[in-house]
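*Asks:* Here is the input, now give the coordinates:
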Amino acid sequence: MHTRFALYLQDKHNMHYELEMVRYAEERGFSEIWQADTRLARDCIVMMSAFLANTHRLRFGSGVLPIWTRNPAVIAATWSSMWELGGKADGRGRVMLGLGAWWEPIAGRVGVQREKPLKAMREYVESIRQLFSMQEVTYQGDFVHLEKIRLDVAYGDTSPRDIPIYIGATGDKMLELSGEICDGVVLNYVVSVDYIKRAIALVEQGAVKAGKTIKDIDLPELLVCCLSDKDPAAAMAEGKKLVAYYLATEPHIMKASGVSEELLEKVQSILTWPAREEDYIRASREIPDEVVRGLMAVGTSAECRAKVKEYIDAGVTCPILFPMMPDIKPVMDAFADGV
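*Replies:* Residues are numbered from 1 along each chain as shown. Now for the predicted structure:
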């Protein structure tokens, strides 16, 4: 039985309700929570700190933090602070660092030039990992410039930070890089099982480069879960709205998951960024049920568990369930005992 499950929180629900649900996730035996930070919505550091201060066992990761928005030394100091705040559970720290290269059009609209994202990501991961060792670091790259610095913890715990580093990767080269230099990869959501199999194969290629095997790499995946035993049709409608969003903003991922060019063009003609709720509803009417079922867990508890098991069988080590319905509890109840 697969028993490691996580919850993904974005800004779908009220903050105080999410804090209540995080406590409930701990009660129900979930292993971790991943907090989004890719849009100009909720800051993952604020949310993770609140969650850490109100729990005892759960682990928390950023899903994912754009590297361009913070200096790597500041990222290391921030995660070091959260590491201290959370303490340890089962002999290890309670925070994980998930990094990403961000996406368009949001990056360009705030003045970020995403030049050489693979090079930048390598430099960030390498330099932050060195800083987590609590040793003095000098690192000179194209994007990272550190000169004789360390995490200057004068009065707290000065031991090395056991903070695993993940990349939220979608492109082939970034997936391969993740396997080479990271502890894990946060695999994308709204993708097919076949996409996940191809992604894991690319991660494995990177792992082999570094003398590792795929078993050395954690492979959690964001997995949308539109679950309702009372109203499966409403769950499907919610799933369609999210698929519409992805068809408009990440068409390359949709194509890789087998979505037709015709459907892509139809939805993109309706949606622009930022889109309104009514635009998503109108675009969602164009999306067939079978497309949604191929990209996420949707429907009743039994249907959602069966779909999630397909992703686990494809190699996912921890489904990070993204609940889309107003009530989060049924999702946690459906997966508390595994699949």
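
*Asks:* quick one, strands of the stretch 51-200 of the chain?
*Replies:* 59-62, 65-66, 88-89, 92-93, 95-100, 137-140, 145-149, 165-169, 184-187 (DSSP state E, counting those that start in this stretch).

*Asks:* Pull the residues that contact the fourth one.
*Replies:* The contact list for strand 92-93, computed with Cβ atoms under 8 Å, 6 or more residues apart in numbering, reads 59, 83, 86, 161-163. For every residue, glycine as well, the C-beta is placed using N, CA and C.

*Asks:* do the same with the second one
*Replies:* Applying Cβ under 8 Å, 6+ apart, the external contacts of strand 65-66 come out as 37-38, 44, 75, 97-102, 107, 112.

*Asks:* what do you get for the longest one?
*Replies:* Outside strand 95-100, the residues within contact range by Cβ under 8 Å, 6+ apart are 32, 34, 38, 48, 52, 59-67, 75, 79, 82-83, 86, 121, 124-125, 128, 163-168, 184, 186.

*Asks:* Okay, now the sheet partners of it, with direction.
*Replies:* Strand pairing for strand 95-100, using DSSP bridges, gives strand 59-62 (parallel), strand 65-66 (parallel), strand 165-169 (parallel).

*Asks:* what's the distance between the residue lying closest to residue 51 once chain neighbours are set aside and residue 7?
*Replies:* With sequence-adjacent residues excluded and distances taken as Cβ to Cβ, 6 or more residues apart in numbering, residue 51 is closest to residue 22, at 5.0 Å. Note on residue 22: its distance to residue 7, by Cβ to Cβ, to the nearest Å, is 7 Å.

*Asks:* Give me the common contacts of the two.
*Replies:* Shared contacts of residue 22 and residue 7, defined by Cβ under 8 Å, 6+ apart, are found at residue 33.

*Asks:* Looking at the two, which is more packed in?
*Replies:* residue 7 (27 against 24; other Cβ atoms under 10 Å).

*Asks:* In terms of secondary structure, what does whichever strand or helix holds the more buried one contact?
*Replies:* Element membership for residue 7, per DSSP states H and E: strand 6-9. Counting contacts by 3 or more Cβ pairs under 8 Å, 6 or more residues apart in numbering; DSSP states H and E, strand 6-9 is packed against helix 15-27, strand 32-35, strand 220-227, strand 318-323.

*Asks:* Kindly spell out which helices and strands sit in contact with the helix or strand just after the last one.
*Replies:* Scanning forward in sequence from strand 318-323 by DSSP H and E, the next helix or strand is helix 329-335. Under the contact definition 3+ Cβ pairs under 8 Å, 6+ apart, helix 329-335 sits against helix 15-27, strand 220-227, helix 301-313, strand 318-323.

*Asks:* before we move on, back to that, when you filter the contacts of strand 92-93 down to buried only, what's left?
*Replies:* 59, 83, 86, 161, 163 (16 or more other Cβ atoms under 10 Å).

*Asks:* Tell me which two in the residues you listed are the farthest apart.
*Replies:* Taking Cβ to Cβ, the two most distant members of those are 59 and 161; they sit 13.6 Å apart.

*Asks:* Helices of the stretch 151-300 of the chain, residue ranges please.
*Replies:* For the stretch 151-300 of the chain, the helices defined by DSSP state H, counting those that start in this stretch cover 172-181, 193-209, 232-249, 251-256, 261-268, 277-284, 289-293.

*Asks:* So for residue 336, which of those helices sits nearest?
*Replies:* Proximity to residue 336 (Cβ to Cβ) singles out helix 232-249 among those, at 18.9 Å.

*Asks:* Mind listing residues that contact the helix or strand bottoming out on mean pLDDT in the chain?
*Replies:* In the chain, the helix or strand scored least confidently by mean pLDDT, DSSP states H and E is helix 251-256, which has a mean of 82. For helix 251-256, the surrounding residues in contact (Cβ under 8 Å, 6+ apart) are 170-171, 188, 190-191, 195, 198, 246-247, 261, 264, 268.

*Asks:* how about 6 Å then?
*Replies:* Residues outside helix 251-256 that contact it (Cβ atoms under 6 Å, 6 or more residues apart in numbering) are 170, 195, 246-247, 264.

*Asks:* which parts of it are buried?
*Replies:* Those buried within helix 251-256 under the rule 16+ other Cβ under 10 Å are 251, 253-254, 256.

*Asks:* which residues pair with residue 322 across the strands?
*Replies:* residue 224.

*Asks:* So what's the predicted local confidence for it?
*Replies:* Here the pLDDT value assigned to residue 322 is 97.

*Asks:* again with residue 61
*Replies:* Here, the pLDDT recorded for residue 61 equals 98.

*Asks:* so it touches residue 36, yeah?
*Replies:* No. Using Cβ atoms under 6 Å as the test, residue 61 is too far from residue 36 to be in contact (10.6 Å).

*Asks:* between those two, which one's more packed in?
*Replies:* residue 61 (28 against 23).
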